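Novice: sharing a model prediction with you, sequence too.
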There are 2 protein chains.
Amino acid sequence: MIDRTSLSYRDAGVDMHRAEEGLQGLLRHVRGTFAHRPDLGRVELPIGFFANVLRLGENVGLAFSTDGVGTKTIVAQLVDRYDTIGIDCIAMNVNDILCVGAEPLSLVDYIAVAEADPAFLEEIGRGLAAGAAEARISISGGEIAQLPEIIVSERPGRGFDLVGTAVGIVPLDRLIIGRAIVPGDVIVGMASSGIHSNGLSLARKTLFGTAGLDVTSRPPELDQSLGEELLRPTRIYAREVIALLAAGLAIRGLAHITSDGFLNLCRFSSTEVAYRIEWLPETQPIFSLIQRLGGIATAEMYSTFNMGIGFCVVVAAHDADRALRIVAELGTSAWIIGRCVAPDASHPSRSVAVLPAGLVGSGHDFHAFG
Amino acid sequence: MIDRTSLSYRDAGVDMHRAEEGLQGLLRHVRGTFAHRPDLGRVELPIGFFANVLRLGENVGLAFSTDGVGTKTIVAQLVDRYDTIGIDCIAMNVNDILCVGAEPLSLVDYIAVAEADPAFLEEIGRGLAAGAAEARISISGGEIAQLPEIIVSERPGRGFDLVGTAVGIVPLDRLIIGRAIVPGDVIVGMASSGIHSNGLSLARKTLFGTAGLDVTSRPPELDQSLGEELLRPTRIYAREVIALLAAGLAIRGLAHITSDGFLNLCRFSSTEVAYRIEWLPETQPIFSLIQRLGGIATAEMYSTFNMGIGFCVVVAAHDADRALRIVAELGTSAWIIGRCVAPDASHPSRSVAVLPAGLVGSGHDFHAFG
């Protein structure tokens, strides 16, 4: 069980379960709208996958998804640096679009600011452009909303919220949602670049609250300041995933590891398997530091942070080595971290076990097994 | 000239010129991203039109646009009513998608909340669904971000920002951006439902600040409370525009009248014309009230509010009557409000004159003429 006496994401101001309940109320209304487009624009997936897909033609699917960078904007203000958070915005959206097997094409950004300072906005644009170059997408539009009465500034004049919406294209007969996953398939994990854009509320509460550090602190575990570490841009997995798809490998599932960590694997639609993470690379220092300073339960860590793996690829066993080679050629660290297994009583269908951490879970919660 | 001693939008916390300057800094970076997609996903329009268009195939264009409801969320909190603002979110996006001649297909919403209260989110969902039904689109995804440190609540637990991104489809050879507009073309205006989602900052500052009214006030000019009037949902023009396009009329320009009011006509790409508004229906009481109580210059009113016209259609003169009939059959009030004329010294190319108000302008500013 999660130790609720330890610092949890809920304590840090983000209540995943309440969010989920709120989401259900909203979805009651939203789901009914799918019926408005029975033909052109037909919605191909249920709500809850990484991106949805609209049918634009015989075999033409449009992947469509939106996400923001959350409270990483507060870290940017603490460090007073704004030229990389645009990369996070691109990454959060492009990585979701990739998960249906789509090629990302374009993004529109939405920036809500307390104050529309030109130099500040230009820095945000710099990051967006860098992310777009890495993902090979255009930024075809956007909106700057000046909302001084709505947006709180951590640093005067620098308060903002940053959100993107991306589109991509996928032939409908090559849509990947985990349907074809079977026992024996291999889970390849690609390295994250630190904390990415999830869990920043818990990280800040622990590091800056409980532990009394600040962005200029240089804990011996890190080779840079805490601010620099937390602000490292989310990795964009576009080149890797597109290369894997282009190689014609038997790719059966693609998962962006965001909030909920490895529990994102539960979003695949196959009911024939459970997911077993059997090995993980050495934990990145930032995660060990947060856990130690906050006295945070391992289950909470794994259901909040990416724990070093930013993206998972489920591939047929016979293609696993080729997948690893393709990713390695692009300079990205990747490992076989687990496999898909037949469900049993302790690891039910669509559950995720993380053996190195002694955890099993589904939905939003991990707990210790045994 | 605008009388800067009168209450202006700038005084009310939204500085359009500063926003524009900030936008230019950001755009310096963003524009370069167009080159990343020379072929599939090619960006067909420059930044600044109502929606952009991506090339998905030989003659397949994807319209793509994002917009939020701005500080109308504050009015919703003052009234403590959340079941219609989703309609505004749909309208702001769908009306922009229509402006390129596209059929809107789907929207994803982004809701940033201070607190994810389920009943509150369900009300927002109710409005989104009502808007989607009216626009005949799906809501295929969305994101709820819990950002208690970023979002200010006017009413405890009810602070939010609401943003949408919509997509639509348009054959590239039927893209409408005002290119074909020539002198003699007629401007048809469709009625707005009050203030829509633009100018709420100035409206609140005037009505609740200067004039000391509140949302329960019932000025004699209005047949409902001020809160109800300001919260009236933005009109969705999808049925009307789609009917006009389907009828094969010579539709040459489509403009969503948002902030900047009739100056939105300047966004059309034709350089052969100036726009002359020659007649307008009686000013809706909410606008007269705001102007009177705030002592606001007419130029400021017309560059901030829609002034009763929410959407303009530029149509060849020979099709104007048919256009009016088609819209009237759908129960929407529409009028011939002006025409496109050859530019001259006092009305340069792409400028807008509003004769009933004695104004001429371009960009973001109207001024009195003569």
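Specialist: Good, I have the coordinates.

Novice: residues near the closest residue to A:Leu280 other than its chain neighbours, how many?
Specialist: Closest residue to A:Leu280 in three dimensions, ignoring its sequence neighbours and counting by C-beta to C-beta, 6 or more residues apart in numbering or on different chains: A:Pro356, at 5.0 Å. For every residue, glycine as well, the C-beta is placed using N, CA and C. A:Pro356 has 16 neighbours, counted by other C-beta atoms under 10 Å in any protein chain shown.

Novice: quickly note the distance from A:Pro356 to chain B.
Specialist: Applying C-beta to the nearest C-beta, to the nearest Å, one obtains 30 Å for the distance of A:Pro356 from chain B.

Novice: and the residue sitting nearest the centre point of chain A, what is it in contact with?
Specialist: Taking C-alpha atoms, centre = their mean as the criterion, A:Thr258 is the residue nearest the geometric centre of chain A, at 2.8 Å. If a contact means C-beta atoms under 8 Å, 6 or more residues apart in numbering or on different chains, then A:Thr258 has A:Met92, A:His196, A:Ser197, A:Asn198, A:Asn264, A:Asn306 as its contacts.

Novice: do the same with A:Ser140
Specialist: Contacts of A:Ser140 were listed using C-beta under 8 Å, 6+ apart, and they are A:Ser106, A:Leu107, A:Val108, B:Phe34, B:Val43, B:Ile47, B:Asn52, B:Leu54, B:Phe64.

Novice: need phi/psi at the closest residue to the fourth one other than its chain neighbours.
Specialist: Okay, so that is B:Phe34. On the basis of C-beta to C-beta, 6+ apart, the spatially nearest residue to B:Phe34 that is not a chain neighbour turns out to be B:Val43, at 4.6 Å. Torsion angles at B:Val43 (phi, psi; degrees, to the nearest 10) stand at phi -80, psi 120.

Novice: what residues are bridge-paired with B:Val43?
Specialist: Listed by DSSP bridges, the beta-bridge partners for B:Val43 are B:Leu54.

Novice: I figured it hits B:Arg37, correct?
Specialist: Yes - taking C-beta atoms under 8 Å as the contact criterion, B:Val43 and B:Arg37 are neighbours in contact, 6.7 Å apart.

Novice: neighbour count for those two, which is higher?
Specialist: Set side by side, B:Val43 and B:Arg37 give different neighbour counts by other C-beta under 10 Å, the larger being at B:Val43 (24 against 20).

Novice: which parts of the stretch 201-350 of chain A are helices?
Specialist: Along the stretch 201-350 of chain A, the stretches classed as helices by DSSP state H, counting those that start in this stretch are A:226-231, A:238-246, A:285-294, A:298-302, A:320-329.

Novice: right, and these - which one's nearest A:Trp335?
Specialist: Closest approach to A:Trp335 among the helices of the stretch 201-350 of chain A is made by helix A:320-329 (7.6 Å; C-beta to C-beta).

Novice: next, the angle helix A:238-246 makes with the closest one.
Specialist: Between helix A:320-329 and helix A:238-246, the angle formed by their directions is 150 degrees, by axes from the mean of the first three to the mean of the last three C-alpha atoms, to 10 degrees.

Novice: what is helix A:320-329 packed up against?
Specialist: In terms of contact count using 3 or more C-beta pairs under 8 Å, 6 or more residues apart in numbering or on different chains; DSSP states H and E, helix A:320-329 is assigned the packing partners strand A:186-191, helix A:238-246, strand A:334-341.

Novice: that'll do, ta.
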